[in-house]
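> Below are the sequence and a predicted model; questions follow.
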There are 2 protein chains.
Amino acid sequence: MVYRRTPRIQARMDSQRAAILDAAVELLATRGYAGCSVAAVADGAGVATGSVYRYFGSKAELVVEVFRQLVTREVEAVERAAQQPGSTGERVVAVVDTFAARALKAPRLAYALLAEPVDAPVEAERIVFRRAFRDVIAARIGEGVRDGTLPPQQAPLTAAAIVGAVAEVMIGPLTSGGEDAVDELSTFTLRSLGAFDAGNP
Amino acid sequence: MVYRRTPRIQARMDSQRAAILDAAVELLATRGYAGCSVAAVADGAGVATGSVYRYFGSKAELVVEVFRQLVTREVEAVERAAQQPGSTGERVVAVVDTFAARALKAPRLAYALLAEPVDAPVEAERIVFRRAFRDVIAARIGEGVRDGTLPPQQAPLTAAAIVGAVAEVMIGPLTSGGEDAVDELSTFTLRSLGAFDAGNP
DNA sequence: TCAAGCTGTGAATGGTGGTTCACTATTTCG
DNA sequence: CGAAATAGTGAACCACCATTCACAGCTTGA
């Protein structure tokens, strides 16, 4: 054989792969899953349809990686928020605030990540997403229960409920989600934890 | 013209229509939206594919009617619960309990109604569903705020958050939803309202 | 009984969008 | 340069399903 993949070619391929991912992220965040057809992604990345399949085994594989990338970014943001100083309640509220504020800034993306219909393999990734959020919150609640600042409760369940509550309020057309919705959600969260410093009369 | 639709034929057609709806309900509740293809529905009802289109303009129209039927049943159940005697908090908890218990008994159906990917016209109907639940809860919260048993809050937002919380816990694979999950959800709900009788230390 | 007009049929149609693959272009190194 | 091997192409392919439609078989009232 004569041909070998040199670093130069490898670099070009890496950037091509990245370009495909970027195009998919862009499409997902603006037009949602529906607008994320393989043809459109290839077009956005400036490659042919078939080239997408040189880097990803299937569309699902591609979208899963897109999800993972976006989710990692979001989870890191709330994890940072969870580590801020303050009471247990305040830290959970910080997580919710971060989550909600980011969703408010990029509603189309939030919808795509949280609720938009997708097919099974991607749905599995979404579950990982929600679970990650739940775990960040549950960890804080667990600490609060142990140190007595929160009443006894099943931390994972409360955490799941909070994730559901925030998701519903942010993406559901059930509420006219404005800036003040984030504040109200904080109060809701604080009360739901049963924290001493809750807005309880 | 010689042919006219007689009551006998009308009755046959009515029962045929009902059979199609029943088959669709059955499929939705067992195999979900995915298993609810027009061919499968027709098969289940014992009619030809084309016959479905004699009664429903499109698949979406059919599924919307199925949704509406199922949703009405569920909403009536929680409305009954909301009218039980007791404090505001207790009545909201009664709604949540009813909602959750019913979801627990028919998880596949709950998933189909609350979360399973569907196409746009059906999604619109789902929003009506969640909104109906929210409104039942919001009405109670509004009363509680007015009579001073609950702290001031945006009733629709709290209600939406509660709907989201319950939905997440019941359908999400995030929690091992057992019987005790319903109890824990009640406590969560009570706390989140900020009720005086909440499980607040 | 019979013509007219309806209900019921299910194979054929058509649109959509992921996937393939025969082909071209590019790269490597003797 | 040129043979070998790979990267890139995009039109064709295919599976899936909602939808249609020409037709068969009933139903009706005269």
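Okay, I see it. Worth saying up front: this structure is predicted, and the values here are computed from it rather than measured.
> the domain parsing of chain A - what is it?
By the assignment in automatic domain parsing, chain A contains the domains A:1-57, A:59-201.
> Least reliable of the ones you listed by average pLDDT, please.
The minimum mean pLDDT among the domains of chain A belongs to domain A:59-201 (a mean of 89).
> Say whether DNA strand C is contacted by that one.
Yes. Applying CB under 7 Å from any atom of the strand, one finds domain A:59-201 touching DNA strand C at A:59, A:60. Any C-beta I mention is one placed from the backbone N, CA and C, and that applies to glycine too.
> Any chance of CSV for the domains of chain A, columns mean neighbour count?
Output for the domains of chain A, formatted as CSV (neighbours: other CB atoms under 10 Å in any protein chain shown):
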stretch, mean neighbour count
domain A:1-57, 15
domain A:59-201, 19
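> Out of these, the one nearest residue B:16 is which?
Among these, domain A:59-201 comes nearest to residue B:16, with 31.1 Å by CB to CB.
> is that closest one anywhere near DNA strand D?
No. Domain A:59-201 lies apart from DNA strand D when judged by CB under 7 Å from any atom of the strand; the minimum separation is 11.1 Å.
> can you give me the offset of that domain from its chain's centre?
9 Å (CA atoms, centre = their mean, to the nearest Å).
> Stretch A:12-32 now?
17 Å.
> before we move on, which element is the residue in chain A positioned nearest to DNA strand D in?
Nearest to DNA strand D, among the residues of chain A, is residue A:50, at 1.8 Å (CB to the nearest atom of the strand). In this assignment (DSSP states H and E), residue A:50 forms part of helix A:49-55.
> Run the chain-centre distance for that helix.
So, by CA atoms, centre = their mean, the centroid of helix A:49-55 is 26 Å from its chain's centroid.
> tell me what the helix or strand containing residue A:112 is packed against?
According to DSSP H and E, residue A:112 maps onto helix A:107-114. Contact here means 3 or more CB pairs under 8 Å, 6 or more residues apart in numbering or on different chains; DSSP states H and E; on that basis helix A:107-114 packs against helix A:7-31, helix A:59-82, helix A:88-105, helix A:120-146, helix A:155-171.
> what inclination does it have with respect to helix A:155-171?
Here the directions of helix A:107-114 and helix A:155-171 differ by 140 degrees (axes from the mean of the first three to the mean of the last three CA atoms, to 10 degrees).
> Give me the angle between helix A:107-114 and helix A:120-146.
Using the same axes, to 10 degrees, helix A:107-114 lies at 90 degrees relative to helix A:120-146.
> how far off helix A:7-31 does helix A:107-114 point, in degrees?
Using the same axes, to 10 degrees: helix A:107-114 against helix A:7-31 is 100 degrees.
> Not counting sequence-adjacent ones, nearest residue to the residue positioned nearest the centre of chain A?
Most central in chain A under CA atoms, centre = their mean is residue A:71, positioned 3.9 Å from the mean C-alpha point. Leaving aside its chain neighbours, residue A:71 sits nearest to residue A:129 (4.5 Å; criterion: CB to CB, 6 or more residues apart in numbering or on different chains).
> Could you do residue A:109 as well?
residue A:29 (4.3 Å).
> my read: that neighbour touches residue A:106, true?
Yes. Between residue A:29 and residue A:106 there is a contact at 6.5 Å, judged by CB atoms under 8 Å.
> In CSV, list the C-alpha atoms belonging to stretch A:157-175.
The C-alpha coordinates for stretch A:157-175 follow below in CSV (Å, rounded to 0.1, in the frame of the first residue of the first chain):
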residue,chain,number,x,y,z
LEU,A,157,-38.1,12.1,44.0
THR,A,158,-38.1,15.6,45.2
ALA,A,159,-35.3,16.4,42.8
ALA,A,160,-37.2,14.7,39.9
ALA,A,161,-40.3,16.7,40.8
ILE,A,162,-38.3,19.9,40.7
VAL,A,163,-36.8,19.1,37.3
GLY,A,164,-40.3,18.4,36.0
ALA,A,165,-41.7,21.6,37.5
VAL,A,166,-39.0,23.7,36.0
ALA,A,167,-39.2,22.0,32.6
GLU,A,168,-43.0,22.4,32.5
VAL,A,169,-42.9,26.1,33.4
MET,A,170,-40.1,26.9,31.0
ILE,A,171,-41.2,25.1,27.9
GLY,A,172,-44.9,24.6,28.4
PRO,A,173,-47.1,27.2,26.7
LEU,A,174,-49.0,26.8,29.9
THR,A,175,-47.5,29.9,31.4
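> Can you tell me the element residue A:86 falls in?
With DSSP H and E as criterion, residue A:86 is part of no helix or strand.
> Who are the contact partners of the residue nearest to residue A:109?
A:70, A:106, A:108, A:109, A:112 (CB atoms under 8 Å, 6 or more residues apart in numbering or on different chains).
> at 7 Å instead, please
A:106, A:108, A:109, A:112 (CB atoms under 7 Å, 6 or more residues apart in numbering or on different chains).
> Now flag whichever of the residues you listed is closest to chain B.
Within the contacts of residue A:29, the smallest distance to chain B is 12.4 Å, found for residue A:112 (CB to the nearest CB).
> wait, doesn't that closest one sit right on residue A:31?
No. In this structure residue A:112 lies outside contact range of residue A:31 using CB atoms under 7 Å: 9.1 Å.
> Residue numbers of chain A in contact with chain B?
A:117-118, A:127, A:130-131, A:134, A:151, A:153-154, A:156-158, A:160-165, A:167-169, A:172-175, A:181, A:184-185, A:188, A:191-192, A:194, A:198-201 (CB under 7 Å from any CB of the partner chain).
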